[in-house]
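Trainee: no sequence on this one, just coordinates:
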């Protein structure tokens, strides 16, 4: 083993040993670490190629009956017998899935290869890999001792440590969990209600400009032009803020699985937040009203296109000075904020926008 690998392994062992079991010997810790590292390297090699992602319909979209799903998955991932009954209990949702129900798998070869890999990895090794992945994901929210040990591992690997401040990270987690409750204060402070109708009018004008421009293009055939217009007209937009941020009953329903208390430790609180996300996403499958919920809070500075929903989002925190203001003349709003909106719309038709 090279000096580089010995150094990384030693630092990783120091970081991971309290997590695995403080009573383990160095050789036992080393054995688990080696297995996890092998699993991660092999897992990385299974990832789909960029070419596959650029050919979604032919390479990444595989409608598969539930009766076949388990044949692609590892034995430890009993999708039909364990996962679905827990996630969609019949007592609440009825029998909404049958053997002929189809779900979309991104990449069948990936799942088949993952099954082979998982069968070569011990159950303990996979459990530890998932545990460590969660811990390192939230490392910037933990204490300085844990962060320092992890930074030593990254430095030995030649990887720059993420410099996000712990307080900033914790604020981000809190905003992600309950940000919709505080959104109304930003909306009211920046008078977003005055801006919203102006932005919506801009969007209608930009859509019409796209249609007019493409209809005048000689290199597009009639069917393509019709499809483009249909997609644009069907494209929904989440502009500035959702109306339900003023509806406490709706907000409480959105967070009905988020049962946190001051007696919880930090990790328990994080897991509760993650659980709330999973359960909310589950309900969206069978409850149409839940699908109207925003993924980001209005106070998050962001604008993006969602290909699964054929929708784009531009938040209130983004659409304010210097990009936009209801006090600006139209030419300034179109030049700054309008160009962002047009860019996100174009993501519906190509990867670059």
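Mentor: Okay, I see it. Computed from a predicted model, the values in this text were never measured in an experiment. Numbers count the residues shown, from 1 in each chain.
Trainee: for the protein, what spans make up the strands?
Mentor: Under the criterion DSSP state E, strands of the chain are mapped to 62-65, 102-105, 236-240, 303-306, 311-315.
Trainee: possible to save these as JSON lines with mean neighbour count, distance to residue 345 and mean pLDDT?
Mentor: C-beta: built from backbone N, CA, C; applies to glycine. Putting those into JSON lines (neighbours: other Cβ atoms under 10 Å; distance: least, Cβ to Cβ, whole Å; pLDDT from 0 to 100) gives the following:
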{"stretch": "strand 62-65", "mean neighbour count": "13", "distance to residue 345": "28", "mean pLDDT": "81"}
{"stretch": "strand 102-105", "mean neighbour count": "14", "distance to residue 345": "25", "mean pLDDT": "79"}
{"stretch": "strand 236-240", "mean neighbour count": "19", "distance to residue 345": "9", "mean pLDDT": "89"}
{"stretch": "strand 303-306", "mean neighbour count": "17", "distance to residue 345": "7", "mean pLDDT": "88"}
{"stretch": "strand 311-315", "mean neighbour count": "22", "distance to residue 345": "6", "mean pLDDT": "90"}
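Trainee: Let me know the pLDDT of the residue lying farthest from the centre of the chain.
Mentor: The outermost residue of the chain, judged against the average C-alpha position, is residue 218 (39.2 Å), by Cα atoms, centre = their mean. pLDDT for residue 218: 88.
Trainee: roughly how far apart are it and residue 283?
Mentor: According to Cβ to Cβ, to the nearest Å, residue 218 stands 48 Å off from residue 283.
Trainee: Residue 110 now?
Mentor: Distance of residue 110 to residue 283, given as Cβ to Cβ: 27 Å.
Trainee: Then residue 292?
Mentor: Separation of residue 292 from residue 283 (Cβ to Cβ): 12 Å.
Trainee: So these two - more neighbours on which side?
Mentor: Using other Cβ atoms under 10 Å as the criterion, residue 292 and residue 283 rank with residue 283 on top: 19 against 13.
Trainee: which phi and psi does the residue positioned nearest the centre of the chain have?
Mentor: Relative to the mean C-alpha position of the chain, the nearest C-alpha, by Cα atoms, centre = their mean, is the one of residue 295, at 8.7 Å. Note on residue 295: its backbone torsions stand at phi -80, psi -40 [degrees, to the nearest 10].
Trainee: residues in contact with it?
Mentor: Counting by Cβ atoms under 8 Å, 6 or more residues apart in numbering, residue 295 touches 306, 313.
Trainee: Against residue 281, how distant is it?
Mentor: 10 Å.
Trainee: With residue 249 instead?
Mentor: On the measure of Cβ to Cβ, residue 249 and residue 281 end up 21 Å apart.
Trainee: okay, these two: which has more neighbours?
Mentor: Neighbours per residue, other Cβ under 10 Å: of residue 249 and residue 281, the larger number sits with residue 281, 13 against 8.
Trainee: Distance of that one relative to residue 275?
Mentor: Going from residue 281 to residue 275 by Cβ to Cβ gives 11 Å.
Trainee: One more: residue 61?
Mentor: 29 Å.
Trainee: With residue 227 instead?
Mentor: Relative to residue 275, residue 227 is positioned 40 Å away (Cβ to Cβ).
Trainee: I'd assumed residue 299 was in contact with residue 318.
Mentor: No: under the criterion of Cβ atoms under 8 Å, residue 318 makes no contact with residue 299, lying 9.9 Å away.
Trainee: Need the per-residue pLDDT for residue 193.
Mentor: As predicted, residue 193 sits at a pLDDT of 91.
Trainee: Likewise for the one 4 residues further on?
Mentor: Note on residue 197: pLDDT of 93.
Trainee: Next: residue 51.
Mentor: Residue 51 is assigned 65 on the pLDDT scale.
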